[in-house]
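> Make a model of this:
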Amino acid sequence: MPGRYWVETLGCPKNQVDSEKLAGTLQADGLLPAARPDVADLVVVNTCAFIEAAREESVNAVLSMADARAPGSRLVVTGCLAERYGAELADALPEVDLVAGFGVPVNLVSSDARQNGTGREHTSAGSATSADSADSADSADLRPGVSGSRFDLLNLPRPKPADPWAYVKVAEGCDRKCGFCAIPSFRGPQRSRPIEAILAEVDSLDVKEVVLVAQDLASYGRDLGRHGDIVPLVRAVAGQVSRTRLLYLYPSELTDGLIDVIGETGCPYYDLSLQHASKQHLRRMRRWGSADQFLERIRTIRNRYPGAAFRSSFIVGYPGETEADHDQLLHFLGEAQLDWAGFFAYSREEGTYAATLPDAVEQGLVAERLRESGELQDGITARRRADLVGQVVEVLVDRPGAGRSYREAPEIDGIVRIGPDSHRTGAPGEFLEVRITDAVGVDLEAEPV
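Here you go, the predicted model:
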């Protein structure tokens, strides 16, 4: 009887893509997906290490899976936490059979276990030198009959998703040196996929909506020279699917050409990685921009595409943030009228520029600023959702009775609920015209036209 696997995913959409590609390797090895972690022979936890809260969530998930798994099953920890803190994690979690960095195959039986019947392992693809890489891979190879193999998650095939939409990762790593971010230290420099590989994956997924993701999406293709550029990529993907969405755009890269190609796709959704609005404070963050520059771009987009939707995220409490900086952020939120925004407390990350800075912001003050920012934006979002009542919009049905217009990114924003009393609620994957009848929190109520 074939073995069964369960993959638990923490963190961002990019991690979800990694998990799906890892699932593809497990299925290629003959394993089948399990209905629950407690009936799986192999349990894999794909972790996040972006900030302290994410690390705590990942460790708690590992411990939860250790408690839930079936006797005799194998527990593997992979992903960002495994890559960044591999040996430390292996020592701290004796419940885990393997801590595997990026690109290390995982399966039911390890080479060490085949040789001596037992053994816990730790491997980290990212930390190994080229000379050590083969030895590390051999000791970590968990696929029977394969010696010294490594895989490249970025370009692996993946199973067809159950949903009518899918994330597609177009690049790995990041070349930027933002003061707060440790991701380049364990994800490495940007490495873009050839456009042909991306289009082939889009075609294989057979979905109605593709969400392009990368750590620095607008910089896609710079490492490929003349063979890569985000604008023709978006245009080509839009030629293959009904809806193309982009997540994580660095604001300085939001050129007129990129603005227009996003608008041309019929999904004018602009996810901008702004992080703050005070020019002085953004320089402390080693970031580009200012409130005026951001507002100019937003106004330009709204002039060209009046129905455009905007999302961003902001860090509160980064070292040196003053009351004047915070007031500028609040003023910007009022002026920008973003549809969606998230606010996060600064997390001190080892090895980053910000970890060396003085003038830490007191935690009580951080909490107060988070509350102020969140309450202001909640009111803005509520008003922008209420303004849609009475409008007719096209939604992609994700499941019976629930869909999304271009204004709602999957798993992030609100949804459009199609009333249960409606004569027709649509089948998953169907585009349906609906009239918005009410706004309830971040969600909308609607009925088919």
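> which strands and helices sit next to the helix or strand hosting residue 365?
When elements are assigned from DSSP states H and E, residue 365 belongs to helix 363-386. Of the remaining helices and strands, those touching helix 363-386 by 3 or more CB pairs under 8 Å, 6 or more residues apart in numbering; DSSP states H and E are strand 309-316, helix 323-336, strand 340-345, strand 431-440. Backbone N, C-alpha and C define where each C-beta goes, glycine included.
> domain parsing for the chain?
Following automatic domain parsing, one gets these domains for the chain: 4-153, 157-386, 392-448.
> Mean pLDDT and mean neighbour count added to the ones you listed, as JSON lines?
Converted to JSON lines, the domains of the chain look like this (pLDDT from 0 to 100; neighbours: other CB atoms under 10 Å):
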{"stretch": "domain 4-153", "mean pLDDT": "76", "mean neighbour count": "19"}
{"stretch": "domain 157-386", "mean pLDDT": "96", "mean neighbour count": "18"}
{"stretch": "domain 392-448", "mean pLDDT": "92", "mean neighbour count": "18"}
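> returning to what we had before: C-terminal to the helix holding residue 365, what's the next element?
Per DSSP H and E, the first helix or strand lying C-terminal to helix 363-386 is strand 392-399.
> Give me the sheet partners of that next one and which way each runs.
For strand 392-399, sheet partners with direction are given as strand 402-404 (antiparallel), strand 431-440 (antiparallel), following DSSP bridges.
> Reformat the helices and strands packed on helix 363-386 into CSV and put distance to residue 385 next to each item.
Below are those laid out as CSV (distance: least, CB to CB, whole Å):
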stretch, distance to residue 385
strand 309-316, 11
helix 323-336, 16
strand 340-345, 10
strand 431-440, 4
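> which other residues reach the host helix or strand of residue 295?
Assigned by DSSP H and E, residue 295 falls within helix 291-304. Helix 291-304 has contacts (CB atoms under 8 Å, 6 or more residues apart in numbering) with 251, 254, 256, 259-260, 263, 268, 270, 272, 274, 277-279, 308, 310, 328, 331-332, 335-336.
> And stretch 404-415, by the same measure?
By CB under 8 Å, 6+ apart, the residues outside stretch 404-415 that reach it are 13, 163, 165, 209, 211, 243, 245, 247, 266-269, 271, 309, 311, 339-340, 385, 388, 393-396, 398, 402-403, 416, 441-444.
> How about stretch 23-43?
For stretch 23-43, the external contacting residues (CB under 8 Å, 6+ apart) are 2-8, 65, 68-70, 72-76, 105-108, 143, 151, 156-159.
> Now, those residues that are in helices?
Using DSSP state H, the members of the contacts of stretch 23-43 that fall in helices are 65, 68.
> so can I have JSON lines of the strands paired with strand 392-399 showing distance to residue 349?
Compiled in JSON lines, the strands paired with strand 392-399 are given as follows (distance: least, CB to CB, whole Å):
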{"stretch": "strand 402-404", "distance to residue 349": "33"}
{"stretch": "strand 431-440", "distance to residue 349": "38"}
